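Trainee: structure for this input, please:
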Amino acid sequence: MSKSKSKQTQFTSEYEKLEKNKIKLTITISPEGFREGLVKAYNKNKHYFDLPGFRKGKAPRKMIEQMYGKDVFHEDAINFVLPDAYEQSLEQHNIDPVYKPEEIEPGEMSETTGAVFYVQVYIRPEVAIDGYYGLTYPKMETNATEADVQDALKAEQEKNARQVSVERAAENGDIVTINFTGYSEGEAFEGGSAQDFDLTLGSNQFIPGFEAQLVGHVVGDDIKVEVTFPEEYGHETLAGKPATFEVEILDVKAKELPEIDDDFAQDVSEFDNLADYKADLAQKIAERKTSQLDSNKRMHLVRQLIQLAEMEVPEAMYTARIDEQWDSFTRQIQSHGMDVESYMRFSNMTEEMMRASWAEQCKFDVDSQLALEAVAIKEAMAVNDEEFRTHLGEMTTFEGDALDKFIDTITPPRRKDFERDLLCKKALDLVVENAIAVDEPDMPVTPITAPPSDDNVVEGEAEEIISGDDAATSE
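Mentor: Next up is the predicted model:
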């Protein structure tokens, strides 16, 4: 059991290990510290109390406690004193929690004895790793083939297709402009109608069965489309229920593809002829393949590192990573002027479904970071100030005094996160440098698409700090 005392915040703390990767902190707030919390709680809430003989907000604390109970201000007092004591306890004991506290249990509380809290929290696991020199990865051809170039040309051709109204029945691939209103149990439902809506038939943008019932119809047709909402539909009031849509077809448009010739090359590029344009495409494809080779190589090696790592990861660590992803996702949606609830409704998703869809990737993120950290520890890697500064400069695009100002405001926990990222990068570079390309690697490649980077959050922090927003100095 380890003990620590803080005069500044008037508390003492000690901790004990409960099981692998879990500890119990005992935090004791001094009588003086707890009284300060009670005073703050009283000042925050006194205007809510109306006692006989006193103007509202003027009743003494003791009188309020006599009438409503001596613990009437305890909850808010805890909120004033515990968070700071908890954070300082973590720092003093060098505890690295992986998630918010698993359990907070209050003990005795009074002005004469102070307050005691028992906090259980999961910490980062110990990881053992070996055998990471000489790992293998699959060879990959980086030259552009003729088929690669043709595929690129066809993609560009599709991008430059014209939409032309046609006087015939709608076919799959056509764009139909429609008005529609949806009814469930005879009543129009919210979000089930639109005017002048463009829908590509066969895109599966709508409920299964909707688009297929528009094929074969012409402009002017009024159609009743009968569908059933999926059982897993995001809105419980509609999930699994039949619905009828009244649809009016206003227009039918088909794609008209341009000819791939010298004129096409001039329209879509800076080249005067198709041959030069194709040569440029081949060069860009080769560059992309080379970049993809490096990405696939690193992914392949990281997967092997995870298999080599001996560790017991607390489930709370995966949950924390999913929470981070959810926060990043909501910020991204809001930055585009949408609210999360509307996005969920239009995408037929729920928060639970989104979190479940990220689970595999988030587990990979956590496992890979722990494995790479273990390599960095075993190789005695460290991050010096210049490396740290360069790393942040690359992430934020700031430099000079602006970068120094940003670095000065980074809290110790946030700095530790940045240093972990840099150590993981250095560890992976070491593994890559010592890896071997082979025709048949030791394990198959199963790529996972990484979630959107949260680098923009770092950029946002920097911009706030440069503009003088003090709120950005805390994490």
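
Trainee: every contact and neighbour count from this point should use C-alpha atoms.
Mentor: Will do.

Trainee: which parts of the stretch 101-250 of the chain are helices?
Mentor: 146-159 (DSSP state H, counting those that start in this stretch).

Trainee: which stretches of it form strands?
Mentor: 103-110, 114-122, 136-138, 162-165, 175-184, 187-200, 222-228, 242-256 (DSSP state E, counting those that start in this stretch).

Trainee: could these go into TSV alongside distance to Gln361?
Mentor: Below are those laid out as TSV (distance: least, CA to CA, whole Å):
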stretch	distance to Gln361
strand 103-110	27
strand 114-122	21
strand 136-138	21
strand 162-165	39
strand 175-184	35
strand 187-200	31
strand 222-228	32
strand 242-256	35
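
Trainee: for Tyr343, find the nearest of those strands.
Mentor: Ranking the strands of the stretch 101-250 of the chain by distance to Tyr343, with CA to CA as the measure, places strand 187-200 first at 11.8 Å.

Trainee: contacting residues around that closest one?
Mentor: 172-183, 205, 250 (CA atoms under 8 Å, 6 or more residues apart in numbering).

Trainee: nearest to Val219 among those residues?
Mentor: Out of the contacts of strand 187-200, the member with the shortest distance to Val219 (by CA to CA) is Leu250, at 5.4 Å.

Trainee: isn't the closest one up against Val176?
Mentor: Yes. The pair Leu250 / Val176 is scored as a contact, 7.4 Å apart, by CA atoms under 8 Å.

Trainee: in terms of neighbours, single out the busier of the two.
Mentor: Here Leu250 and Val176 are set side by side on neighbour count (other CA atoms under 10 Å), and the busier one is Val176, at 29 against 18.

Trainee: that one: what's it in contact with?
Mentor: 170, 197-201, 249-253.

Trainee: which of those are the two that sit furthest away from each other?
Mentor: Ala170 and Phe197, at 15.1 Å, using CA to CA across those.

Trainee: between these two, which one's more packed in?
Mentor: Ala170 (22 against 14).

Trainee: contacts only, for that one.
Mentor: Neighbours of Ala170 in contact, by CA under 8 Å, 6+ apart: 176, 214-218, 252.

Trainee: pick out the residue nearest the middle of this structure.
Mentor: Geometric centre of the chain, nearest residue: Gln325, 2.0 Å, by CA atoms, centre = their mean.

Trainee: can you read off the pLDDT for that residue?
Mentor: Per-residue pLDDT puts Gln325 at 95.

Trainee: which neighbouring elements make contact with the strand or helix carrying it?
Mentor: If you go by DSSP states H and E, Gln325 is part of helix 315-335. Applying 3 or more CA pairs under 8 Å, 6 or more residues apart in numbering; DSSP states H and E, we find helix 315-335 packed against helix 340-347, helix 351-378.

Trainee: compute the inter-axis angle for the longest one and helix 315-335.
Mentor: Read that as helix 351-378. Angle of helix 351-378 versus helix 315-335, following axes from the mean of the first three to the mean of the last three CA atoms, to 10 degrees, is 120 degrees.

Trainee: which of the contacts of strand 187-200 are buried?
Mentor: 172, 174-183, 250 (16 or more other CA atoms under 10 Å).

Trainee: so where's the stretch 301-450 of the chain uncertain?
Mentor: Applying pLDDT under 70 to the stretch 301-450 of the chain picks out residues 441-450.

Trainee: per the record, what domains does this structure have?
Mentor: Domain segmentation of the chain under automatic domain parsing yields 2-122, 162-256, 286-473.

Trainee: got JSON lines for those, with distance to Asp148 too?
Mentor: Below are those laid out as JSON lines (distance: least, CA to CA, whole Å):
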{"stretch": "domain 2-122", "distance to Asp148": "45"}
{"stretch": "domain 162-256", "distance to Asp148": "23"}
{"stretch": "domain 286-473", "distance to Asp148": "10"}
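
Trainee: compare the ones you listed and give me the one nearest Thr145.
Mentor: domain 286-473 (9.0 Å).

Trainee: distance check, the spatially most distant residue from the centre of the chain against Pro60.
Mentor: The centre of the chain is farthest from one residue, Gly53, which by CA atoms, centre = their mean lies 54.6 Å away. Distance, Gly53 to Pro60, by CA to CA, to the nearest Å: 11 Å.

Trainee: Ile260 too?
Mentor: Counting by CA to CA, the gap from Ile260 to Pro60 is 85 Å.

Trainee: Leu199 now?
Mentor: 67 Å.

Trainee: between the two, who's got more neighbours?
Mentor: Comparing Leu199 with Pro60 by other CA under 10 Å, the one with more neighbours is Leu199, at 18 against 12.

Trainee: run through the bridge partners of that one.
Mentor: Assessed by DSSP bridges, Leu199 has beta-bridge partners Val176.

Trainee: and the angle for the helix ranked longest in the chain with helix 351-378?
Mentor: Ranked by residue count, the top helix of the chain under DSSP state H comes out as helix 274-308. If you take the same axes, to 10 degrees, helix 274-308 sits at 70 degrees to helix 351-378.

Trainee: so helix 274-308 versus helix 146-159, what angle?
Mentor: Going by the same axes, to 10 degrees, helix 274-308 makes 110 degrees with helix 146-159.

Trainee: and helix 274-308, how far out from the chain middle?
Mentor: 25 Å (CA atoms, centre = their mean, to the nearest Å).

Trainee: name the helices or strands packed onto it?
Mentor: Helix 274-308 packs on strand 136-138, helix 146-159, helix 262-268, helix 351-378, helix 412-433, going by 3+ CA pairs under 8 Å, 6+ apart.

Trainee: endpoints of stretch 22-38, how far apart?
Mentor: 31 Å.

Trainee: what's next to it, contact-wise?
Mentor: Against stretch 22-38 from outside (CA under 8 Å, 6+ apart): 9-18, 73-74, 76-78, 80-81, 85-86, 89, 110-123.

Trainee: residues near Glu158, how many?
Mentor: Neighbour tally, Glu158, other CA under 10 Å: 14.

Trainee: ok, and the closest non-adjacent residue to it?
Mentor: Leu257 (6.6 Å; CA to CA, 6 or more residues apart in numbering).

Trainee: what comes up buried for stretch 252-270?
Mentor: In stretch 252-270, counting by 16+ other CA under 10 Å, buried: 252-255, 264-265.

Trainee: Gly131: which of those is nearest?
Mentor: Of all these, Gly131 sits closest to Ala265, with 51.7 Å by CA to CA.

Trainee: so Phe11 bridges to which residues?
Mentor: Residues in beta-bridge contact with Phe11 (DSSP bridges): Ser6, Ile29.

Trainee: what about it, neighbour count?
Mentor: So Phe11, with other CA under 10 Å, has 26 neighbours.

Trainee: same thing with Phe54?
Mentor: 11.

Trainee: swap in Lys62?
Mentor: Around Lys62 there are 12 residues (other CA under 10 Å).

Trainee: and it, that one's in a strand?
Mentor: No. Using DSSP: H, G, I helix; E, B strand; the rest coil, the secondary structure at Lys62 is helix, not a strand.

Trainee: got a pLDDT number for it?
Mentor: Lys62 is given a pLDDT of 90.
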